[in-house]
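Enquirer: show me the folded form of this:
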Amino acid sequence: MSYHFHKGILFYHKAAGQGDIYKELGQVTENLTQFCDDLTIKLSKEEGQIKSYCKELADNKHLNDYDVCFILGGDGTLNELVNGIVDNNLHMPVGVLPGGTFNDFTKTLNLSPKPMQASRDLLNSHIKSFDVLDVNGTYALNFAGIGLMVQNAENVESSHKDILGKFSYVFSTIKTVSNPEIYKYKLTADGKEYNGETSMILIANGKHVGGSKIPLEDLSPNDGKMNIFIFKNHNLSIINDFFKIKDSMNWNEISDNITHISCENATLDTQPNAKLDIDGEILFDTPVEIKLIKERIKLLYLDVETT
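Expert: Model prediction:
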């Protein structure tokens, strides 16, 4: 066991978990209480409640006694907690438990995709600081993007998502790629300007998006850089090209269809305006300003090299 905490709080979403949520809560709390003396459990019934409670934590000195926070939910629920923590200048470490479809950042943290096993993993975890993307004042731990990924998300009907899970996204991707929307873009990255046409631009901080690993060998969510991928071509070859393993030194030599840019700050404008997906939440349109905030949030992660 790597750490022992005095007082913790566990947020969970009413739709979280991959089975019986209350059974899973019992299983994860049994493990979490092994390294946390006092654990408070908070249900998030609707969007915004976690952010509101983070503000209460910041404003109330008594509540500020918490020294660790846990979240059981999907990528959108995690995103809300990240925004609550950054907005309110909280610095307690966060333990992430998977409770959604993809749970992309739990993979980056080397945690199990199952909530109970992930809670066991946390018993041997370490605290590490991770970068955060600031997208027009909204924070993203994992990614932001325009184009195909937004069309894809909008094509997936909620009922199909519930029944088919990840496979519904695969079916939708095939439908979307066959008729992608094309945008003219102007991107400025660390002062250098890029122009052209695109079907998708992905701005990544984490290593996984939509359940799949980004094949950039040296991508890191705590290296002080965001990684931007501009998809030039508009057919299925871009999907095949993207999932060939590369590193940042030779990506643009190998890939003809996807440009890779590593930077700290960027602005993006498109014609027409494009909806932006931020960690699975479609919140606003371009133009956007994206800034990378170095080592802004502390997370519990499993060091696979020492376990």
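
Enquirer: how about Val28, what does it touch?
Expert: Contact analysis of Val28 by Cβ atoms under 8 Å, 6 or more residues apart in numbering lists 10, 70, 72, 97, 115-116, 118-119. The way it works is simple: take the backbone N, C-alpha and C, and place the C-beta from them, glycine included.

Enquirer: so it belongs to a helix, correct?
Expert: Yes - assessed by DSSP: H, G, I helix; E, B strand; the rest coil, Val28 belongs to a helix.

Enquirer: closest to Gly26 among the contacts of Val28?
Expert: Met116 (9.4 Å; Cβ to Cβ).

Enquirer: for the residue nearest the centre of the chain, grab phi and psi.
Expert: For the chain, the residue sitting closest to the mean C-alpha position, by Cα atoms, centre = their mean, is Asn142 at 3.0 Å. Recorded main-chain torsions at Asn142 are phi -110, psi -60, according to degrees, to the nearest 10.

Enquirer: now it: closest residue in space, sequence neighbours ignored.
Expert: Gly206 (3.8 Å; Cβ to Cβ, 6 or more residues apart in numbering).

Enquirer: swap in Lys14?
Expert: Lys45 (5.8 Å).

Enquirer: count the neighbours of the one you found for me.
Expert: 8 (other Cβ atoms under 10 Å).

Enquirer: cool, and the one 5 residues further on?
Expert: Ile50: 25 surrounding residues under other Cβ under 10 Å.

Enquirer: cool, the one 10 residues further on as well?
Expert: Residues contacting Asn60 under the criterion other Cβ under 10 Å number 10.

Enquirer: show me what contacts Lys184?
Expert: 195-197, 270-271.

Enquirer: just Ala204 next, same as before
Expert: So Ala204 contacts 142-143, 214, 219, 226-229 (Cβ under 8 Å, 6+ apart).

Enquirer: just to revisit the earlier point, among the contacts of Val28, who's most crowded?
Expert: Counting by other Cβ under 10 Å, top hit in those: Leu97 with 31 neighbours.

Enquirer: apart from its neighbours in sequence, what residue is nearest it?
Expert: Once chain neighbours are set aside, the closest to Leu97 by Cβ to Cβ, 6+ apart is Leu72, at 4.3 Å.

Enquirer: my guess is that neighbour meets Leu10, correct?
Expert: Yes - counting by Cβ atoms under 8 Å, Leu10 is a contact partner of Leu72 at 6.6 Å.

Enquirer: so Asn79 sits in a helix?
Expert: Yes - counting by three-state DSSP, Asn79 is part of a helix.

Enquirer: returning to that earlier point: nearest to Leu299 among the contacts of Val28?
Expert: Of these, the one sitting nearest to Leu299 (Cβ to Cβ) turns out to be Phe70, at 11.0 Å.

Enquirer: give me every residue that touches the closest one.
Expert: Phe70 touches 8-11, 28, 32, 94-97, 122, counting by Cβ under 8 Å, 6+ apart.

Enquirer: how about 6 Å then?
Expert: Neighbouring residues of Phe70 by Cβ atoms under 6 Å, 6 or more residues apart in numbering: 10, 95.
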